[in-house]
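1. Requesting a structural model of the entry that follows:
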Amino acid sequence: MAAMERSSKTISVVVDKTISNTNLGTTGLQASEYVRCTFDKLDLKNANLTGKVFVDCIFRDCDMSLAQVGRTSFRGVRFERCKFLGLRFDGCHAFLLSFSFEGCILDLASFHGLRLKGTLFNKCRMRETDLSNADLTDGSFADCDLGAAIFDGTTLEGADFRGALHYSIDPATNKIRRARFSLDGLAGLLDRTGIIIEGH
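-> Coordinates of the predicted model:
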């Protein structure tokens, strides 16, 4: 009984709170679970977020580059104008994993092997982002910079690439049925075939 009481005291949940640099304190994010919270302009570079749970939260203008997110749960989380250089999302807890990205920098981040159906990436920079073996069915990459992003064994059926830039996707090694592309982006599907596309 005493052991149960001790373990219950270590579980802390923060609900409906806005957390910014003014009220974060020097100890960082100490609670184990955050529900419907807003994180505003936080510097979380290299932060240890291992095992934490975020439910229906919003992160705005935060820098989470190289943060540790092993077994971290993101459920219904929205990221706006955040930076994630080199972040290993593929280490997150896969159960109910769901998030969206608006105006974020995701260079060198990894989503390898994740099941992310319907995930929204809007106006994001995703240079050298690893999307290999991920399931991004019905996802959206509207107006994203996908320069050197890795698509290999990726499921992109029904995904929206209209307005996306600099992508290179091999139809032979990725599933792209029903995916939507802008006419001026078709070169990104043909560059590995050796076909030369020239203007009039």
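
2. which residue ranges form the helices in this protein?
-> 2-9, 21-24, 187-190 (DSSP state H).

3. now the second one: how far from the chain's centre is it?
-> Distance of helix 21-24 from the chain centroid (C-alpha atoms, centre = their mean, to the nearest Å) equals 25 Å.

4. Any idea which helix or strand in this structure has the lowest mean pLDDT?
-> The helix or strand of the chain with the poorest confidence is helix 2-9; it has a mean of 43 (mean pLDDT, DSSP states H and E).

5. Stretch 100-111 - what's its average pLDDT?
-> For stretch 100-111, mean pLDDT rounds to 98.

6. Send over it as PDB, restricted to the C-alpha atoms.
-> Backbone C-alpha positions of stretch 100-111 (Å, rounded to 0.1, in the frame of the first residue of the first chain) are rendered in PDB as follows:
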ATOM      1  CA  SER A 100       0.200  18.400 -37.000                       C
ATOM      2  CA  PHE A 101       2.800  20.900 -38.000                       C
ATOM      3  CA  GLU A 102       2.300  24.400 -39.200                       C
ATOM      4  CA  GLY A 103       5.200  26.600 -40.400                       C
ATOM      5  CA  CYS A 104       7.800  24.400 -38.600                       C
ATOM      6  CA  ILE A 105      11.400  23.500 -39.300                       C
ATOM      7  CA  LEU A 106      12.000  19.800 -39.400                       C
ATOM      8  CA  ASP A 107      15.400  19.500 -41.000                       C
ATOM      9  CA  LEU A 108      17.100  16.100 -40.300                       C
ATOM     10  CA  ALA A 109      14.200  15.000 -38.200                       C
ATOM     11  CA  SER A 110      13.100  11.300 -38.400                       C
ATOM     12  CA  PHE A 111       9.700   9.800 -38.700                       C
END
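
7. Fine by me, thanks again.
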